[in-house]
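K.L.:
can't give you the sequence, but here's the structure:
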């Protein structure tokens, strides 16, 4: 894996402040220094939201909740070039704990989540950034709260884990084919978990990272190989965490950000290199947080953006398993 002389740029949009970490290269030391800068706040504070990046580089934050069990239909878009936010057409189905991914077709797929009655959803709604419009399509076969949604290098959109009625924690893996408009059930994850994060690796595998099971936060990581339909265990994170966010950087590493152990939020971050199957600690985020979202935007400086409220551990209608 190639090393980089500059650090990833974190844009953290919160209730009260927003921060971006810009690369300041220390050439003499052949290392990087990261300094926080102010950025515009997200207009609607929220948690348990989803985020995705359009092909033109805008960052869309979708749904979530404002610190209660009432889900939101709000959609807002951030333009990195002008550092401005815009309110977009609302999502037809208000929901929290959903997942989202941008397909190769440029459409943003909002998948699953929780409704106002705290029930799991299989709803799939598709947003077109070019027309600012939504369309409902075939639902996900397994309705669930808090799935991890990942677009694979094969163009498929994968939904991993989550929780179903009666708070059943799921190992379910299902994949949507945007070309065919159909869902397929795939081999389940080795371990059922919730509040995990997912990422597409540079090695074409789909990774599920951390989460909650066995009555505690986990550091374990599993990788799914679409070409063989098999799962493998890979190196665990340095820190067990749930309610984290992940993104795959332009350097091919998978970045694990923030989260919680159910007692306090983390600001710590670490990066996984698939080529050597190892995690390295990286500079922490300026703000500790959990139940947030991340997205990688390709701009002049590659920018990893995250949106989340900064507060104490919020109330969640989904209980931790006992």
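P.N.:
That came through, no problem. All figures in this text were calculated on a predicted structure; none of them were measured in a lab.
K.L.:
Residue 280 and residue 269, how far apart?
P.N.:
Going from residue 280 to residue 269 by C-beta to C-beta, to the nearest Å gives 10 Å. For every residue, glycine as well, the C-beta is placed using N, CA and C.
K.L.:
higher neighbour count, those two?
P.N.:
When residue 280 is set against residue 269 and neighbours are counted by other C-beta atoms under 10 Å, the residue ahead is residue 269, at 21 against 11.
K.L.:
so how far is residue 125 from that one?
P.N.:
The separation that residue 269 has from residue 125, given C-beta to C-beta, amounts to 31 Å.
K.L.:
what do you get for residue 49?
P.N.:
Look at residue 49 and residue 125: by C-beta to C-beta, they are 15 Å apart.
K.L.:
just residue 198 next, same as before
P.N.:
Remark: distance between residue 198 and residue 125 (C-beta to C-beta) = 19 Å.
K.L.:
and if you look at residue 68?
P.N.:
Here the distance between residue 68 and residue 125 works out to 22 Å (C-beta to C-beta).
K.L.:
Who has more neighbours out of the two?
P.N.:
The residue with the greater number of neighbours, taking residue 68 and residue 125 and applying other C-beta under 10 Å, is residue 125; the counts read 21 against 11.
K.L.:
mind listing what that one touches?
P.N.:
Taking C-beta atoms under 8 Å, 6 or more residues apart in numbering as the criterion, residue 125 is in contact with 91, 92, 93, 109, 110, 134, 135, 136, 137.
K.L.:
Swap in 7 Å and give it another go.
P.N.:
Under the criterion of C-beta atoms under 7 Å, 6 or more residues apart in numbering, the neighbours of residue 125 are 91, 92, 93, 110, 134, 135, 136.
K.L.:
Give me the three-state assignment for it.
P.N.:
strand (DSSP: H, G, I helix; E, B strand; the rest coil).
K.L.:
Show me the beta-bridge partners of it.
P.N.:
As for beta bridges, residue 125 partners with residue 110, residue 136 under DSSP bridges.
K.L.:
How much space separates it from residue 134?
P.N.:
Here residue 125 is placed at a distance of 5 Å from residue 134 (C-beta to C-beta).
K.L.:
so what sits against both of those two?
P.N.:
Between them, residue 125 and residue 134 share these contacting residues under C-beta under 7 Å, 6+ apart: 91, 92.
K.L.:
In the stretch 101-250 of the chain, where is pLDDT below threshold?
P.N.:
Regions of the stretch 101-250 of the chain meeting the criterion pLDDT under 70 cover residues 166.
K.L.:
Show me where it has its helices.
P.N.:
Assignment of helices within the stretch 101-250 of the chain using DSSP state H, counting those that start in this stretch yields no ranges at all.
K.L.:
Can you report how many residues lie near residue 135?
P.N.:
By the other C-beta under 10 Å criterion, the neighbourhood of residue 135 contains 12 residues.
K.L.:
quick one: the closest residue to it other than its chain neighbours from residue 240, how far?
P.N.:
Across the structure, with C-beta to C-beta, 6 or more residues apart in numbering as the measure, the residue nearest residue 135 apart from its sequence neighbours is residue 126 (5.0 Å). In this structure, residue 126 lies at 35 Å from residue 240, with C-beta to C-beta as the measure.
K.L.:
Same check on residue 274?
P.N.:
For residue 274, the distance to residue 240 equals 20 Å [C-beta to C-beta].
K.L.:
Same question for residue 53.
P.N.:
For residue 53, the distance to residue 240 equals 28 Å [C-beta to C-beta].
K.L.:
Check residue 205 too.
P.N.:
22 Å.
K.L.:
who has more neighbours, these two?
P.N.:
residue 205 (22 against 17).
K.L.:
check contacts around that one.
P.N.:
Residue 205 touches 223, 224, 225, counting by C-beta under 7 Å, 6+ apart.
K.L.:
For the second one, give the beta-bridge partners.
P.N.:
To tie it back to what came earlier, the one meant is residue 224. With DSSP bridges as the criterion, the beta-bridge partners of residue 224 are residue 206, residue 231.
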